[in-house]
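Enquirer: Have a look; sequence and predicted model below, questions after that.
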Amino acid sequence: MIENAWIIPLIPLASFFLITFFGKREPARGAGIGILSTGTAFLLGLITFFEQVGGEGEAVVRSWRWFEIGGLHLEIGTNIDGLAAVMLVVVTTVSLLVHIYSLGYMRGDRRFTWFYAVLSLFTGAMLNLVVASNLFQLLVGWELVGVCSYLLIGHWWEEKENSSAAMKAFITTRIGDIPFTFGIIALTIFAGFTASIPEISHMVEEGQISSGLLTVAALLLFGGAIGKSAQFPLHVWLPDAMAGPTPVSALIHAATMVVAGVYLVGRMLTVFVHATPGALTFVAVIAAITMVIAALLAAVQDDIKRVLAYSTVSQLAYMMAALGLGEAGLTPGIFHMFTHAFFKALLFLAAGSIIHAVHSNNMSEMGGLRRHLPWTYRTFLIGAIALAGIPPLAGFWSKDEIITAAYTTQNYGLWIAALFTAALTAFYMTRAVLLTFHGEYRGTAHPHESPPVMVAPLAILAGLSVVVGFVNAPGIGWFGDWVHFGEEAHHAAFSFFNAGISLLVAGISILIGYRLYSTYRARDPLRAFGPLYTFVERKYFLDDIYMKGIIRPIQYPIARVVNWTNTYILDGTVNAFGWIARKLGTATEIVDRRVVDGAVNKVAVTAGWTGGLLRYIQSGNVQRYAIILFAGVAILAVVFTRV
């Protein structure tokens, strides 16, 4: 299967067309086709994963001629190594469970079939991005994922909030895609007009491209990662994307679109490592800033989906920070991406189950739900514990590797930021659990447990959130060397020191969270911080800065000047030429009709009149000819006689 991995993305892509054209005729209105195709892709991805990890971690590359432009020969193909194999499992697993979950959550939706069609396209685009052996092939998947996210976030476009969120996500990520596209072009030129990822990586390792040029390419590529993976300062789109259906939130924020940037940096890490040290430093600094500010924002949200959204931003920064450590952080960073996909998908889908039950996103309108939603409560609690980094759940092992890698590489600033973020994570998840499930119910709806089709995916993801950490946990014998993300695994040895510190700060944060939120109070206890709370609650005024400093100036003064110029100068010039052309046409029509046509018509009339006279002479009557002849002779005789 590893030789034919190109089939895996083609299956959901074909499903998109089948659902679009025939979905409404299918008994499940397209859901059956989507689930079957994603399930098949999952099985093939799993087979590919086991073949890859059983093959000593060597990459298998296949490519076919795509097209040629001058000296640029583009190929399309697959590049299956440990990184791609792990991502195949993550994407297909989460996508399959989201497809199943959506049967219950989206039941009765007016665009149910279209929803499943775009889900399939989304999955296929992400899988193409994962297996791509060529930068331009990767770019195709990258952009398709962006288009699908726009369609899914704005699925309920009738409400302005949803359409605005979709537009914000699309435009913000496009800002990052501009340097990303230039980065691909630059790297292709630097590599001698080849866009093959394996060839570029080999050339970089052989020192055939200077570190200065690699730095330029790396920073441009990272611009795309900042947009897609919601890193500072382009992180503002992701929380607003919560306006879309909850299954979309789980798919986008757990295993597909937002991890595309992390995957990109991991895939092209060779470029970053061999660039000047400033490239990786820049990655690490941006990640450190993002993880802290996003974790603080998660701690002051009332909307449960926004808590998880800011948590996603923070955890993505965790992964990016690990990659900022270079090769030492590759395995920890991708390992955390692997574990995070399962417990974050679990948390989003559990949040969807809660919203489905109480018809509200606000935790202030929840409380006491553990009695009404027992399965949702248990699974959400497991996801929260995994995210908080409590052993032996998955999040503990991957977070511990990142913290340890930062410490052993002497990146102490990043180490402190990672520990502080771990403390904040444990705090805001404790807050979310207590406000949602404990105390007395504060809503007006009648909460009830979700149907089995929604609960079953929660149970599966909860089980995975418990066990997947052991796949790559350091010091766990055979499991510790099972997954390779390159030619060799770079494992940080298990550190009891760092594990102990992370557990200590997480435990203290849980106790503080319990002390503050075990009893519900309408006024958030964190408001006691006054201006600092307001500063965080207003999202550091970044949205205000963007709106008043960029969007409004463009929307009003600049846009109005452009509109006036377009209306009165450009359109005025075009309209003036149109008016002149119209007048010239009128004059030409007069000359043509009255002079040219008039002259021709007069000639025709004259010819007709003279012809009419001749008609009486040239009648063919012999007697008339004789009379005219004798009359003529008589007239001539008279004339000549007088003369």
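Expert: Received the coordinates, thanks.
Enquirer: so who does T113 touch?
Expert: I19, G23, K24, R29, G30 (C-beta atoms under 8 Å, 6 or more residues apart in numbering). C-beta here means a position set from N, CA and C on the backbone, and glycine is covered the same way.
Enquirer: Name the member of those with the most neighbours.
Expert: I19 (28 neighbours; other C-beta atoms under 10 Å).
Enquirer: Could you say which helix or strand holds it?
Expert: Using DSSP states H and E, the element containing I19 is helix 7-22.
Enquirer: ditto for F535
Expert: helix 531-537.
Enquirer: what's next to that helix, contact-wise?
Expert: So helix 531-537 is contacted by L296, L297, A299, V300, D524, L526, R527, F541 (C-beta under 8 Å, 6+ apart).
Enquirer: phi, psi of the residue most central in space within the chain?
Expert: For the chain, G146 is the residue whose C-alpha lies nearest the centre (C-alpha atoms, centre = their mean; 3.2 Å). Reported as degrees, to the nearest 10, the phi and psi values for G146 are phi -60, psi -40.
Enquirer: Also the one 10 residues further on?
Expert: Geometry field for W156 lists phi and psi as phi -100, psi 60, criterion degrees, to the nearest 10.
Enquirer: Could you count how many residues lie near the closest residue to A225 other than its chain neighbours?
Expert: Nearest in space to A225, with sequence neighbours left out and distances taken as C-beta to C-beta, 6 or more residues apart in numbering, is G261 at 3.3 Å. Neighbourhood size, G261 [other C-beta under 10 Å]: 28.
Enquirer: Checking G261 next. Helix, strand or coil?
Expert: helix (DSSP: H, G, I helix; E, B strand; the rest coil).
Enquirer: okay, and for the stretch 151-300 of the chain, where does confidence drop off?
Expert: Applying pLDDT under 70 to the stretch 151-300 of the chain picks out residues 254-255.
Enquirer: Strands along that one, start to end?
Expert: Here the stretch 151-300 of the chain has no strands by DSSP state E, counting those that start in this stretch.
Enquirer: The chain too?
Expert: In the chain, the segments counted as strands under DSSP state E are 60-69, 72-80.
Enquirer: Now render those strands as TSV, adding mean neighbour count.
Expert: What follows is the strands of the chain, written out as TSV (neighbours: other C-beta atoms under 10 Å):
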stretch	mean neighbour count
strand 60-69	13
strand 72-80	20
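Enquirer: Between those strands, which one is closest to A165.
Expert: Proximity to A165 (C-beta to C-beta) singles out strand 72-80 among the strands of the chain, at 33.6 Å.
Enquirer: rewinding a little: buried sites along the helix holding I19?
Expert: For helix 7-22, burial by neighbour count (16 or more other C-beta atoms under 10 Å) applies to I8, P9, I11, P12, L13, S15, F16, L18, I19, T20.
Enquirer: Nearest to L152 among those residues?
Expert: F16 (12.8 Å).
Enquirer: List phi and psi for the residue lying closest to N134 once chain neighbours are set aside.
Expert: Once flanking residues are discounted, N134 sits nearest to A195: 5.0 Å by C-beta to C-beta, 6+ apart. The phi/psi pair for A195 (degrees, to the nearest 10) reads phi -110, psi 10.
Enquirer: Next: T519.
Expert: Per degrees, to the nearest 10, the backbone of T519 is at phi -120, psi 120.
Enquirer: surely it meets G439?
Expert: Yes. Taking contacts as C-beta atoms under 8 Å, T519 lies within contact range of G439: 7.1 Å.
Enquirer: of those two, who's got more company?
Expert: Using other C-beta under 10 Å, the more surrounded residue of T519 and G439 is G439, with 17 against 10.
Enquirer: correct me, but the more buried one touches Y520?
Expert: Yes. Look at G439 against Y520 with C-beta under 8 Å: they come within range, at 4.6 Å.
Enquirer: Please enumerate the shared neighbours of those two.
Expert: Contacts common to G439 and Y520, judged by C-beta under 8 Å, 6+ apart, are G367.
Enquirer: List the contacts of the nearest residue to F348 once chain neighbours are set aside.
Expert: Leaving out its chain neighbours, the residue that sits closest to F348 by C-beta to C-beta, 6+ apart is A250, at 3.7 Å. Each residue near A250 by C-beta under 8 Å, 6+ apart is listed here: V94, V98, Y101, K344, A345, F348, L349, G352.
Enquirer: If anything else comes up later, I'll come back, but that's it for now.
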